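Asker: A structural model of the following input is requested.
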Amino acid sequence: MASYASTTFKYYNVTNPAPYIVHVEINRPKKLNAFSPPMWVELKGIFERLSTDPDVRCILLSGAGDRAFTTGLDVEAASAKDATPIVAQDFVDPSRRATQLRRYILELQEAISVVARCEKPVIALLHGYAYGLGIDLSSACDMRFCLADTKFSVKEVDIGLAADVGTLSRLPKVVGGVTSWVKEVCMSARVFGADEAKDNGFVSRVVSGSKAELIQEGMQFAQYMATKSPVGVQGTKNILDAAWGRTVEDNLNYTAVWNAAMVQSSDVERAIMSGLRKKTPTFEKL
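Answerer: Numbers count the residues shown, from 1 in each chain. Okay, here's the model as predicted:
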């Protein structure tokens with residue numbers, strides 16, 4: 001099995017805590033895991049690699065330290081001279097400055113979209129503060145578990161802008177639509193807690209206890225997922241994600257085309273025969 005232990009990343013700890021499980025930890029705890037410009041590029045590269053690694057079946061995403069998953073954008077770093085096209089003075093003409101800024105925003109969006117497109121299931125483990133980019137990033141994950149004292153905020157309105165790297169597109173998707181609650185928390189930037197997040201479908205599990213217990217909960221579930229057919233799990237993720245925005249008829253057709261290939265997998269026979277023999281199946285890498 002491939003190991004990430006020997007790979008050094010500047011802003012992330014990437015480990016293999018168990019077979020087929022990779023844990024990606026945002027590693028900037030002194031800054032509450034706030035994102036500086038280089039962190040976006042590194043995140044994109046990590047998830048591009050994990051997406052197609054046959055030795056990976058489930059990914060955990062968390063933040064280092066006891067205080068935050070991430071507080072979002074490092075505003076100080078982002079406002080430094082030449083950090084973004086906003087402060088660059090190369091283009092005086094508004095249209096040309098806007099073009100540069102649009103391209104920059106699309107680059108940031110892509111770093112989060114790579115997480116959403118990852119072929120493997122991604123579980124966000126949220127604790128402390130999950131503000132701004134914390135919502136963008138966790139919304140791009142497939143599942144979200146959190147500690148009981150986690151604080152959430154779609155913070156961007158408080159810095160004078162609309163969230164632009166994923167929240168306004170993905171939060172409605174993960175909670176079932178552009179609900180009154182979605183508009184309330186997005187337009188007010190107010191802080192909400194774990195129980196409210198669970199009541200509205202943003203998180204599926206609230207863990208009482210320590211951060212270590214949250215990580216353990218995520219690990220146990222990831223290990224359980226890793227025992228399943230990777231053909232079945234990855235296909236299910238793909239079809240569920242494809243369903244959003246499609247009619248039922250369109251997605252049924254998409255599913256038929258997908259499974260026309262995938263039901264021919266040896267995983268199907270192994271799963272059925274193991275069930276009949278009351279044995280735990282094992283599956284080849286995908």
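
Asker: what about stretch 122-131, how long is it end to end?
Answerer: Taking C-alpha to C-alpha, to the nearest Å, stretch 122-131 runs 19 Å from one end to the other.

Asker: Show me how far it is from its chain's centre.
Answerer: Centroid separation for stretch 122-131 versus its chain: 9 Å, with C-alpha atoms, centre = their mean, to the nearest Å.

Asker: Stretch 117-127 too?
Answerer: On C-alpha atoms, centre = their mean, the centre of stretch 117-127 falls 4 Å from the chain's centre.

Asker: buried set for it?
Answerer: Neighbour counts over stretch 117-127 (16 or more other C-beta atoms under 10 Å) mark C118, E119, K120, P121, V122, I123, A124, L125, L126, H127 as buried. Yep, even glycine has a C-beta here, placed from its N, CA and C like the rest.

Asker: Throw those residues into CSV and include pLDDT, distance to S95 and secondary structure, thanks.
Answerer: Shown next, in CSV, are the buried residues of stretch 117-127 (pLDDT from 0 to 100; distance: C-beta to C-beta, whole Å; DSSP: H, G, I helix; E, B strand; the rest coil):
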residue, pLDDT, distance to S95, secondary structure
C118, 98, 35, coil
E119, 98, 38, coil
K120, 98, 41, coil
P121, 98, 42, coil
V122, 98, 38, strand
I123, 98, 42, strand
A124, 98, 38, strand
L125, 98, 43, strand
L126, 98, 40, strand
H127, 98, 43, coil
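
Asker: just the helices in the stretch 51-200 of the chain please.
Answerer: For the stretch 51-200 of the chain, the helices defined by DSSP state H, counting those that start in this stretch occupy 75-78, 94-117, 133-139, 167-175, 180-188, 194-199.

Asker: To A271, which of these lies closest?
Answerer: Evaluated over the helices of the stretch 51-200 of the chain, closeness to A271 peaks at helix 94-117, with 26.2 Å, by C-beta to C-beta.

Asker: Could you check that closest one and say which residues are buried?
Answerer: Quick answer for helix 94-117 (16+ other C-beta under 10 Å): R97, Q100, Y104, L108, Q109, A111, I112, S113, V114, V115, A116.
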